[in-house]
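Chemist: sequence? don't have it. structure:
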């Protein structure tokens, strides 16, 4: 799903690795992750996943990043540093994505009268808490993966870059702003696809 | 925090590895993860964490498991299998723990008139969805980590074993029942500490 940050992580790393792949668009907002064929690939009904030539499947965006990056400069070779990168990736899935990505989803992909909109103030509060943790790390580190850019940065970039879509402004996080800019300047960087005109209208019209 | 499944993961692996360590009890329910001293160790304010002799810190239970298990039989050496283990560990933190552990927390650690109790039916529904994904995997696999028992099993065991505390019964998941039993029979297995008498009373009294 091109407009999903979790899927974009995989596209961005594949682009930077120069790997050949075929992209199969699956729209979870249209129920396409709930079909029998999709659930046979991922019983948990979530994108992204990768399917290898021999049919073997790997699910969970951050596990996919880890597998693709092994043996490349995008994942540190040192065991302790590798664990630190994983720590940030678990932080992303537990303390960041459930707030920042979900606020964006509710604002863009649910109708203006959805009862889920009541969750937005709390999601934004928790999203800001995650951003504050990131800002603090960036005060004395250039990247999250280790001394060099890599998969923990890609994992955290995906939804941080579009936090404003959920009404979570980044203006009070200068170090995050510099980190986003440095990341966008990396060779092979690709931005996430724009959502549909309807979703863009929802972003513009929503409180 | 001895009654936290995320902390118990680390204790269980350390016991099975035979590693010497010092346990420092930190009660997040009593605000001890929000002190200045604790936030200096983990700005995200969560247990568990490990601190090495030289003061270096690693946070996030599943990243800690990965670091401790590297080079041991608890983590597969093969890169693809290692990524599959990580995939289950991300599943645990995103699709399992936020429902099964949170239902347990609300039922045991919030007062009977807490408005959070309204979340229980939805948390239980999502918890059962996660258990169904696990049951399906166990229909033709003995373990989650790979051909052998390891850290993905430890990660999923922690809160599955106490799902009933949150009102999520396991009786309709026979394969999960057999897996829990096989896991408890592993050498060096230790069970999670019982919660306080007050929490046990809450479990017994709550709908």
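Modeler: Now that the structure is in, tell me what you want to look at. Here the structure is a predicted model, which is why all the values come from computation and not from measurement.

Chemist: From now on I want contacts and neighbour counts done on CA atoms only, so please keep to that.
Modeler: Fine.

Chemist: Buried residues of stretch A:197-207, list them for me.
Modeler: Buried residues in stretch A:197-207, counting neighbours by 16 or more other CA atoms under 10 Å in any protein chain shown, are found at A:199, A:202, A:203.

Chemist: Would you reformat the residues you listed as JSON lines and include pLDDT and distance to residue B:119?
Modeler: Listed next are the buried residues of stretch A:197-207 as JSON lines, based on pLDDT from 0 to 100; distance: CA to CA, whole Å:
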{"residue": "A:199", "pLDDT": "95", "distance to residue B:119": "28"}
{"residue": "A:202", "pLDDT": "92", "distance to residue B:119": "27"}
{"residue": "A:203", "pLDDT": "92", "distance to residue B:119": "28"}
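
Chemist: Out of these, list just those in helices.
Modeler: Using DSSP state H, the subset of these located in helices is A:199, A:202, A:203.

Chemist: three-state assignment of the closest residue in space to the last one that isn't next to it in sequence?
Modeler: Here the nearest residue to residue A:203 in space, its sequence neighbours aside, is residue A:108; by CA to CA, 6 or more residues apart in numbering or on different chains that works out to 5.4 Å. Applying DSSP: H, G, I helix; E, B strand; the rest coil to residue A:108 yields a three-state assignment of helix.

Chemist: Could I get the phi/psi values of the residue of chain A positioned farthest from its centre?
Modeler: Distance from the C-alpha centroid of chain A peaks at residue A:54, with 27.1 Å (CA atoms, centre = their mean). The phi/psi pair for residue A:54 (degrees, to the nearest 10) reads phi -90, psi 10.

Chemist: likewise residue A:158?
Modeler: Backbone torsions for residue A:158, taken as degrees, to the nearest 10, come to phi -50, psi -50.

Chemist: Domain-wise, how is chain A divided?
Modeler: What automatic domain parsing lists as the domains of chain A is A:5-69, A:79-193+A:198-205.

Chemist: And the last one, end to end?
Modeler: Think domain A:79-193+A:198-205. With CA to CA, to the nearest Å applied, domain A:79-193+A:198-205 spans 47 Å between its terminal residues.

Chemist: Now render the domains of chain A as a markdown table, adding distance to residue B:44.
Modeler: Output for the domains of chain A, formatted as a markdown table (distance: least, CA to CA, whole Å):
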| stretch | distance to residue B:44 |
| --- | --- |
| domain A:5-69 | 20 |
| domain A:79-193+A:198-205 | 6 |
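
Chemist: all strands for chain A, in order.
Modeler: A:49-51, A:57-59 (DSSP state E).

Chemist: okay, those, which one's buried deepest?
Modeler: strand A:57-59 (a mean of 21; mean count of other CA atoms under 10 Å in any protein chain shown).

Chemist: What residues does chain A have near chain B?
Modeler: For chain A, the residues in contact with chain B (CA under 8 Å from any CA of the partner chain) are A:43-44, A:58-60, A:62-64, A:66-67, A:70, A:79-80, A:83-84, A:86-87, A:90-91, A:93-94, A:130, A:133.

Chemist: Residue A:149 contacts residue A:143, correct?
Modeler: Yes. Using CA atoms under 8 Å, residue A:149 makes contact with residue A:143 at a distance of 5.7 Å.

Chemist: where do the helices sit along chain A?
Modeler: In chain A, the helices defined using DSSP H lie at A:5-17, A:36-41, A:61-69, A:79-91, A:97-109, A:120-138, A:151-160, A:174-184, A:197-205.

Chemist: ok, and what's touching stretch A:125-144?
Modeler: Stretch A:125-144 has contacts (CA atoms under 8 Å, 6 or more residues apart in numbering or on different chains) with A:85, A:88, A:95-96, A:99-100, A:147-150, A:152-153, A:168, A:173-176, A:179, B:43-44.

Chemist: I'd like to know which of these are buried.
Modeler: Among the contacts of stretch A:125-144, those classed as buried by 16+ other CA under 10 Å are A:85, A:88, A:95-96, A:99-100, A:149-150, A:152-153, A:168, A:173, A:175-176, A:179, B:43-44.

Chemist: before we move on, back to that, list just the nearest of the buried residues of stretch A:197-207 to residue A:1.
Modeler: residue A:199 (14.0 Å; CA to CA).

Chemist: Find the residue closest to that closest one in space, skipping its chain neighbours.
Modeler: Nearest residue to residue A:199, sequence neighbours excluded (CA to CA, 6+ apart): residue A:108, at 4.9 Å.

Chemist: Around that neighbour, how many other residues sit close by?
Modeler: For residue A:108, the count of nearby residues is 23 (other CA atoms under 10 Å in any protein chain shown).

Chemist: now it: how far from chain B?
Modeler: Separation of residue A:108 from chain B (CA to the nearest CA, to the nearest Å): 22 Å.

Chemist: and what of residue A:52?
Modeler: Noted for residue A:52: a distance of 11 Å to chain B, by CA to the nearest CA.

Chemist: okay, now that residue: neighbour count?
Modeler: Using other CA under 10 Å, residue A:52 has 10 neighbouring residues.

Chemist: cool, residue A:103 as well?
Modeler: With other CA under 10 Å as criterion, residue A:103 counts 27.

Chemist: try the one 4 residues further on
Modeler: Residues near residue A:107, counting by other CA under 10 Å, number 26.

Chemist: so the helix or strand of chain A with the lowest mean pLDDT versus helix A:97-109, what angle?
Modeler: Ranked by mean pLDDT, DSSP states H and E, the weakest helix or strand in chain A is helix A:197-205, scoring a mean of 92. Interaxial angle, helix A:197-205 versus helix A:97-109 (axes from the mean of the first three to the mean of the last three CA atoms, to 10 degrees): 100 degrees.

Chemist: I'd like to know which elements helix A:197-205 is packed against.
Modeler: The contact analysis (3 or more CA pairs under 8 Å, 6 or more residues apart in numbering or on different chains; DSSP states H and E) places helix A:197-205 against helix A:97-109.

Chemist: Now find how far off-centre the helix it packs on is within its chain.
Modeler: Put simply, helix A:97-109 sits 11 Å off its chain's centre (CA atoms, centre = their mean, to the nearest Å).

Chemist: same thing with stretch A:82-92?
Modeler: Stretch A:82-92 sits 14 Å away from the centroid of its parent chain (CA atoms, centre = their mean).

Chemist: hang on, residue A:48 packs against residue A:62?
Modeler: No. Taking contacts as CA under 8 Å, residue A:48 lies outside contact range of residue A:62: 9.8 Å.

Chemist: related to what we said a few turns ago, what residues does the least confident helix or strand of chain A touch?
Modeler: The list of residues contacting helix A:197-205 from outside it, by CA under 8 Å, 6+ apart, reads A:107, A:108, A:109, A:112, A:165, A:166.
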